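Q: need the 3D shape of this:
(one chain, ligands or ions: 1)
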Amino acid sequence: MKIAFLGPEASFTQLTATQLFPNDELIPKANILDCFLAVQNNEVDKAVVPLENSIEGTVSMTLDYLYQTPEIKIEAEAVMPIAHHLMIHPGQENQDSIEKIYSHPQALAQSFHFLNKNYPDVPKQDFASTAAAAKRVSENPDRKIAAVANKFAAELYGLKILNENIHDVEENHTRFIIISKTENSYENHLENIGKKTAMLITLPQDHAGGLHQVLSVFAWRNMNLSKIESRTLKTKLGNYFFFVTVVGGWDDVLYINSVDELKAIGADVKFLGNYKEFLLEG
Ligand SMILES: O=C(O)C(=O)Cc1ccccc1
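A: Coordinates of the predicted model:
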C-alpha cells in the first residue's frame with residue numbers, strides 16, 4: 001500500500017506512520033493539504049496527518065480539510081509522545097547570535113515559553129513541518145539559523161542539539177489520524193486502547209438552544225463525548241461547524257438513530273468513522 005505523510009523524513013508524522021505502517025511504501029508530502037489531495041486523487045491508499053496536541057490544541061488545517069473533502073474518512077487514531085529540541089548546524093555553535101528559529105507552528109507554540117525566555121529577540125518563522133525546518137538548517141551551513149525538531153531529525157540532517165526537551169509541558173502528546181476513502185479497513189499488530197466515533201456537524205440556522213439540541217441527542221442516549229471543537233465555516237464571521245468524537249464501540253441502534261435525529265433537527269452531518277485508537281512509542 002502507498003501511504004502519504006506530512007514530510008519530509010524524520011517529521012513526527014513520519015515517526016508515527018512508520019509505526020502504523022511498518023511494511024508499506026511511505027510517501028512524503030510537503031504539507032497537510034497535499035496529504036488530503038493524494039488520498040482524494042487516489043495517488044495513495046491512505047495518509048497520516050496530525051489532528052491535535054495536548055499543549056497547543058487542534059491542527060485547524062486538518063479539521064478544515066476533513067470538512068472540505070466529503071469522501072475522506074478517519075480509519076484510526078494514534079497518540080504519540082512528543083519531545084522538541086533546538087538544533088543548529090554543527091559549524092554554528094555560538095548560540096548567542098542565532099539569527100532565526102524555524103519550525104512547524106505547533107512546535108513553536110509547544111516551546112513558546114522556553115523560546116520566549118531564552119531567545120526573546122530571535123525571530124521565529126513557520127515551516128510546513130519540524131523536519132522541513134531541520135532540513136533547511138542543514139542546507140545552510142553558513143547561516144546562524146536553528147530549528148525546533150525531534151532527535152531523529154537532528155541525526156538525519158547532521159545537526160547539533162543546543163537545548164534538549166524544550167517543550168513547555170513535560171507530558172506532551174500529539175494525536176494523529178489515518179485518513180482514507182475506505183472506512184475501517186485498517187488492521188495492525190498494535191494493541192488498541194479504545195474505540196471512538198467521529199463526525200462533523202453543522203447546525204441549522206442560528207437559533208437559541210441550537211447547540212443544546214444537538215448535544216442532547218448524545219446526552220439522553222448516554223453517548224459520552226470526548227471532544228467537541230468549533231471551527232469557522234469560512235462563509236461569514238460567526239458561522240461554524242463542529243468536530244465531535246464519541247467514546248466507545250459502535251452501537252448500531254444508538255448511533256444510527258443519533259445521526260438520524262441530528263438530521264431530523266436540521267443539522268448537516270458528515271460521519272467520519274468508528275475506529276480504533278492506538279498508543280505509540282516516542
Ligand atoms: O512538523 C512535524 O514534524 C509534524 O509531523 C507535525 C507536528 C508538529 C509538532 C508536533 C507534532 C506534529
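Q: dump the residue contacts of residue 175.
A: 50-53, 77-79 (C-beta atoms under 8 Å, 6 or more residues apart in numbering). C-beta here means a position set from N, CA and C on the backbone, and glycine is covered the same way.
Q: just the ones of those residues in strands?
A: Using DSSP state E, 50-53, 77-79 are the members of these that sit in strands.
Q: could you list which of these also contact the ligand?
A: Here is what survives when the ones in strands among the contacts of residue 175 are matched to the ligand using C-beta under 6 Å from any ligand atom: 50, 53.
Q: closest to the ligand among the ones in strands among the contacts of residue 175?
A: Each of these was checked against the ligand using C-beta to the nearest ligand atom; the closest is residue 50, at 4.4 Å.
Q: hmm, which of the ones in strands among the contacts of residue 175 are the buried ones?
A: Buried subset of the ones in strands among the contacts of residue 175 (neighbour count, 16 or more other C-beta atoms under 10 Å): 50-53, 77-79.
Q: in TSV, list those along with pLDDT.
A: Compiled in TSV, these are given as follows (pLDDT from 0 to 100):
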residue	pLDDT
50	98
51	98
52	97
53	95
77	95
78	96
79	96
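Q: could you list every helix and strand in contact with the host helix or strand of residue 5?
A: Using DSSP states H and E, the element containing residue 5 is strand 2-6. Under the contact criterion of 3 or more C-beta pairs under 8 Å, 6 or more residues apart in numbering; DSSP states H and E, strand 2-6 touches helix 12-20, strand 25-29, helix 32-40, strand 46-53.
Q: how about the third one, does it reach the ligand?
A: No - Helix 32-40 lies out of reach of the ligand by C-beta under 6 Å from any ligand atom, never closer than 8.6 Å.
Q: how far is that helix from where the chain is centred?
A: Computed by C-alpha atoms, centre = their mean, to the nearest Å, the separation of helix 32-40 from the middle of its chain amounts to 14 Å.
Q: contacting residues around that helix?
A: Outside helix 32-40, the residues touching it (C-beta under 8 Å, 6+ apart) are 4-6, 27, 29, 43-50, 59, 61-62, 65, 69, 71-72, 179-181.
Q: contact residues of the chain facing the ligand?
A: With the criterion set to C-beta under 6 Å from any ligand atom, the chain comes near the ligand through 6, 11-13, 50, 53, 82, 104, 106-107, 129-131, 174.
Q: out of the residues you listed, who's the most crowded?
A: Note: the member of those with the most neighbours is residue 6, at 32 neighbours, neighbours being other C-beta atoms under 10 Å.
Q: who touches the nearest residue to that residue once chain neighbours are set aside in this structure?
A: Leaving out its chain neighbours, the residue that sits closest to residue 6 by C-beta to C-beta, 6 or more residues apart in numbering is residue 13, at 4.1 Å. Residues counted as contacts of residue 13 (C-beta under 8 Å, 6+ apart) are 5-7, 48-50, 129, 176.
Q: the stretch 101-250 of the chain: strands as residue ranges?
A: Listed from the start of the chain, the stretch 101-250 of the chain has strands (DSSP state E, counting those that start in this stretch) covering 124-126, 145-149, 160-163, 173-180, 192-202, 225-232, 240-247.
Q: counting by contacts, list what the first one packs against.
A: Packed against strand 124-126 by the contact rule (3+ C-beta pairs under 8 Å, 6+ apart) you find strand 100-103, helix 105-110.
Q: about what we covered before: got a markdown table for the contacts of residue 13, with distance to residue 23 too?
A: Written out in a markdown table, the entries for the contacts of residue 13 read as follows (distance: C-beta to C-beta, whole Å):
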| residue | distance to residue 23 |
| --- | --- |
| 5 | 15 |
| 6 | 20 |
| 7 | 19 |
| 48 | 15 |
| 49 | 20 |
| 50 | 23 |
| 129 | 24 |
| 176 | 18 |
